[in-house]
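Q: Here's my sequence, what's the structure:
(one chain, ligands or ions: 1)
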Amino acid sequence: MPPLNLNSSQPKIPLNADLAWRTTADRATETILFFDFDGTLAPVADDPTKVQPAPKVLAAIEALARVVRRVAIVSARPVEFLRDHFDGLPGVDLYGLYGLEHSHSGGPTVTEPAALPWVPTMAQLADLARAELPPGTLVEYKRLSVALHWRTAPHLAATVEEWGHAQAERLGLRVQVGRMVLEVKPPVDRDKGMVIDELVQGTGGAWYFGDDVSDIKAFAALRARAAADPDFLGVCVAVANPETGHEVAEAADLTIDSPAALGDFLTTAVHHLT
Ligand SMILES: O=P(O)(O)OC[C@H]1O[C@H](O[C@H]2O[C@H](CO)[C@@H](O)[C@H](O)[C@H]2O)[C@H](O)[C@@H](O)[C@@H]1O
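A: Numbering: from 1, shown residues only. Modelled structure (predicted):
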């Protein structure tokens, strides 16, 4: 089991992941487990429509959801995409599009009302991106966001980023950088940190697993909760990757090598908690 640094700013105090799971076991019904999706639960692929959770991940999440207070997937993907993988798993809530959408326990998708007027703008932006950006750019339309990918054409990074920033400025939208992607989204105050901040109120602990820069805000929300309540156990776990891995690991207590290794890590957690 790798060493773990809990609830500490730099320099970190090395603790142990086994100890953190044992502590979690004592307060399992007060604990929420949060997971980012791409690059965390699912290995990265060139085609965003072709990704699948890593082996062991779904079985472990299903088992963990039976013993903890909640499991929540907190992703930049739409809820409808997440349903394809997590529907039917009781006790799993889905937060999509950085929290602009959510669904509790398989219930209907609820969209942040302030974002809805931006649907036509985002659809037009996706059409424009397909027309204007060079071949090799992958345009992913997500109803309330447009992701502009260059994973299969890395030489286009600067062109795509410049175009995305210019369109965001022209239309009064916001941008979110990610792993070989620039996302353009509505000017609505909602991010992963805000989702976590709301959900951890009144809980005894939470773990957050993430790989991308947007997940650092979620880590910060756990740190803030822990700072406000010394009894709260907050554990921030990074999943390594060549693009954002260093920055995310710097903000985390513990780094896991890959989504596949996370499957093993969570399987071990099941043994601690059941
Ligand atoms: O919040 P997340 O669940 O981590 O979503 C972040 C982005 O994930 C997807 O893009 C990333 O994964 C793709 C599939 O492996 C990969 O091709 C791409 O390079 C990555 O950036 C998703 O397609 C995006 O919409 C999300 O913003």
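Q: Ala123: what secondary structure?
A: Here Ala123 takes the helix state, with states given by DSSP: H, G, I helix; E, B strand; the rest coil.
Q: need the contact list for it.
A: Tyr141, Arg143 (C-beta atoms under 8 Å, 6 or more residues apart in numbering). Heads up, the C-betas are built off the backbone N, CA and C, glycines and all.
Q: make it 10 Å
A: With contact set as C-beta atoms under 10 Å, 6 or more residues apart in numbering, Ala123 has these partners: Tyr141, Arg143, Leu144, Val146.
Q: For Asp84, see how far away it is.
A: Between Ala123 and Asp84 the distance, using C-beta to C-beta, to the nearest Å, works out to 22 Å.
Q: ditto for Ala42
A: 11 Å.
Q: Could you do Gln167 as well?
A: Applying C-beta to C-beta, the value for Gln167 to Asp84 is 29 Å.
Q: tell me the SS of Thr267?
A: Following three-state DSSP, Thr267 is assigned to helix.
Q: low-confidence ranges in the protein?
A: Judged against pLDDT under 70, the low-scoring parts of the chain cover residues 1-15.
Q: residues in contact with the residue nearest to the spatial centre of it?
A: With distances taken as C-alpha atoms, centre = their mean, Asp36 lies nearest the centre of the chain, 2.6 Å away. By C-beta under 10 Å, 6+ apart, the residues touching Asp36 are 42, 73-77, 192, 208-212, 214-215, 218, 239, 248.
Q: pretty sure Thr111 is touching Leu97, no?
A: Yes: applying C-beta atoms under 10 Å as the test, Thr111 and Leu97 come out as touching, 8.5 Å apart.
Q: what residues are shared contacts of the two?
A: In contact with both Thr111 and Leu97: Pro78, Val79, Arg143, Leu144, using C-beta under 10 Å, 6+ apart.
Q: Tell me the strands beside the helix or strand containing Thr255, with direction?
A: Under DSSP states H and E, the secondary-structure element containing Thr255 is strand 254-256. Using DSSP bridges, the strands paired with strand 254-256 are strand 233-239 (parallel).
Q: How far off centre is the strand it pairs with?
A: Taking C-alpha atoms, centre = their mean, to the nearest Å, the mean C-alpha location of strand 233-239 is offset from the chain mean by 12 Å.
Q: can I get the CA coordinates of it in PDB?
A: Written as PDB, here are the backbone C-alpha positions of strand 233-239 (Å, rounded to 0.1, in the frame of the first residue of the first chain):
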ATOM      1  CA  LEU A 233     -11.400  12.900   7.400                       C
ATOM      2  CA  GLY A 234     -10.700  14.200   3.900                       C
ATOM      3  CA  VAL A 235      -8.500  12.100   1.500                       C
ATOM      4  CA  CYS A 236      -7.500  13.500  -1.900                       C
ATOM      5  CA  VAL A 237      -6.300  10.800  -4.400                       C
ATOM      6  CA  ALA A 238      -4.600  11.600  -7.700                       C
ATOM      7  CA  VAL A 239      -4.500   9.200 -10.600                       C
END
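Q: Okay then, goodbye and thanks.
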